[in-house]
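# quick one: sequence plus predicted model below, questions after.
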Amino acid sequence: MLHIENLNAWYDRSHVLQGISLEVNKGEIVTLMGRNGAGKTTTLRSLMGLLSKRQGKATIDGTSFLDLPAHERFHLGLAYVPEDRRIVPGLTVKENLELGVIAQKNRGDMSALVDEIAETFPRLKERLHQDGTSMSGGEQQMLAIARAMIAKPKVILLDEPSEGIMPVLVEEMFELFAKLKQQGLTILLVEQNVQQALKISDRAYILDQGEIVFHDTAQNLLNNDEIQQKYCAV
Ligand SMILES: Nc1ncnc2c1ncn2[C@@H]1O[C@H](COP(=O)(O)OP(=O)(O)OP(=O)(O)O)[C@@H](O)[C@H]1O
């Protein structure tokens with residue numbers, strides 16, 4: 001589904017990603033792990049075209065997208081939820097969700113789409129008329145994910161969704177990812193919360209200093225303390 005081959009990326013002269021190759025098959029959750037500064041966010045940002053200098057190849061369902069403008073990636077079925085969530089202040093939860101509909105080519109029935117997504121995110125359903133930014137960090141994270149999901153993407157890139165969120169909501173969030181996977185979504189997940197991420201993932205890649213240094217099934221990695229200690233201790 002998502003295929004990345006020899007991806008390189010630079011911030012000015014700093015060569016941060018040094019030839020990353022990975023793939024995420026349809027319906028898989030794949031976690032990208034690694035210490036702070038390893039290049040995880042840069043990988044997602046490069047895929048979204050947010051770094052001016054990058055090289056390599058990336059395809060979604062066989063279509064190359066690295067050189068396409070952002071809206072065309074979106075129409076190919078690629079969605080991105082950055083770490084900072086970007087909930088629009090002054091808009092309700094429902095209005096924030098509607099922004100996800102407005103961005104679509106074929107908008108269909110806006111309220112039907114909002115109702116549909118609210119079924120998957122019961123916590124949002126109860127708060128549709130509340131100001132989006134008045135919710136807790138975890139709830140805002142769910143709103144950001146729901147807003148991306150409304151476009152029915154094929155692949156979603158999630159950057160540190162559990163960052164700064166209270167433990168009970170983290171649990172709920174990981175359950176939600178498992179549910180989205182069951183609905184057929186393909187997920188590339190960047191997470192520091194290694195144990196929980198691996199429990200719901202199929203496979204994982206470890207990044208270190210801009211290179212993939214290890215990959216395995218999530219189950220094997222979960223049992224591999226040595227590798228976790230070596231590359232994932234913060
Ligand atoms: N805007 C920027 N300009 C210059 N260098 C940057 C910029 N953003 C990140 N870097 C550098 O690129 C490298 C990779 O950073 P990146 O944010 O991708 O790491 P990460 O694995 O996501 O880490 P973290 O878990 O801390 O977010 C780091 O050395 C970082 O200092």
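Nice, I can see it. Numbering: from 1, shown residues only.
# packing partners for the helix or strand bottoming out on mean pLDDT in the chain?
Across the helices and strands of the chain, mean pLDDT, DSSP states H and E gives its lowest value to helix 110-120, namely a mean of 80. With contacts taken as 3 or more C-beta pairs under 8 Å, 6 or more residues apart in numbering; DSSP states H and E, helix 110-120 sits against helix 93-102, helix 122-125, helix 137-149, helix 167-182. (Each C-beta comes from the backbone N, C-alpha and C, glycine too.)
# what are the buried residues along that helix?
The neighbour-count criterion (16 or more other C-beta atoms under 10 Å) identifies Met110, Leu113, Val114, Ile117, Ala118, Thr120 as the buried residues of helix 110-120.
# per-domain residue ranges of this protein.
2-77+153-232, 87-152 (automatic domain parsing).
# pLDDT weak spots in the chain?
Low-confidence segments of the chain (pLDDT under 70): 103-108, 233-234.
# angle of the least confident helix or strand of the chain against helix 137-149?
In terms of direction (axes from the mean of the first three to the mean of the last three C-alpha atoms, to 10 degrees), helix 110-120 departs from helix 137-149 by 130 degrees.
# so what angle separates the directions of helix 110-120 and helix 167-182?
Computed by the same axes, to 10 degrees, the angle between helix 110-120 and helix 167-182 is 120 degrees.
# pick the most buried one from the helices and strands packed on helix 110-120.
Mean neighbour count, computed with mean count of other C-beta atoms under 10 Å, is highest for helix 137-149 among the helices and strands packed on helix 110-120, reaching a mean of 22.
# mind giving me the packing neighbours of that one?
Contacting helix 137-149 under the criterion 3+ C-beta pairs under 8 Å, 6+ apart are the following elements: strand 78-81, helix 93-102, helix 110-120, helix 122-125, strand 155-159, helix 167-182.
# tell me if I'm right that Gln130 and Lys94 touch.
No: using C-beta atoms under 8 Å, Gln130 and Lys94 do not qualify as a contacting pair, with a distance of 9.1 Å.
# rewinding a little: of the domains of the chain, which is nearest the ligand?
Ranking the domains of the chain by their distance to the ligand (criterion: C-beta to the nearest ligand atom) puts domain 2-77+153-232 first, at 3.2 Å.
# picking that back up, can you redo the helices and strands packed on helix 110-120 as a markdown table with distance to Leu32?
Written out in a markdown table, the entries for those read as follows (distance: least, C-beta to C-beta, whole Å):
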| stretch | distance to Leu32 |
| --- | --- |
| helix 93-102 | 24 |
| helix 122-125 | 26 |
| helix 137-149 | 17 |
| helix 167-182 | 14 |
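# returning to that earlier point: what residues does the least confident helix or strand of the chain touch?
Outside helix 110-120, the residues that touch it by C-beta atoms under 8 Å, 6 or more residues apart in numbering are 94, 97-98, 101, 124-125, 128, 146, 149-150, 176, 179-180, 183.
# any chance of those in TSV with distance to the ligand as columns?
As requested, the contacts of helix 110-120 are exported to TSV (distance: C-beta to the nearest ligand atom, whole Å):
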residue	distance to the ligand
Lys94	31
Leu97	27
Glu98	30
Val101	30
Leu124	26
Lys125	31
Leu128	32
Ala146	23
Met149	23
Ile150	26
Leu176	22
Lys179	26
Leu180	22
Gln183	27
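# just flag the most distant two among those.
In the contacts of helix 110-120, the most distant members under the criterion C-beta to C-beta are Glu98 and Lys179, with 22.6 Å between them.
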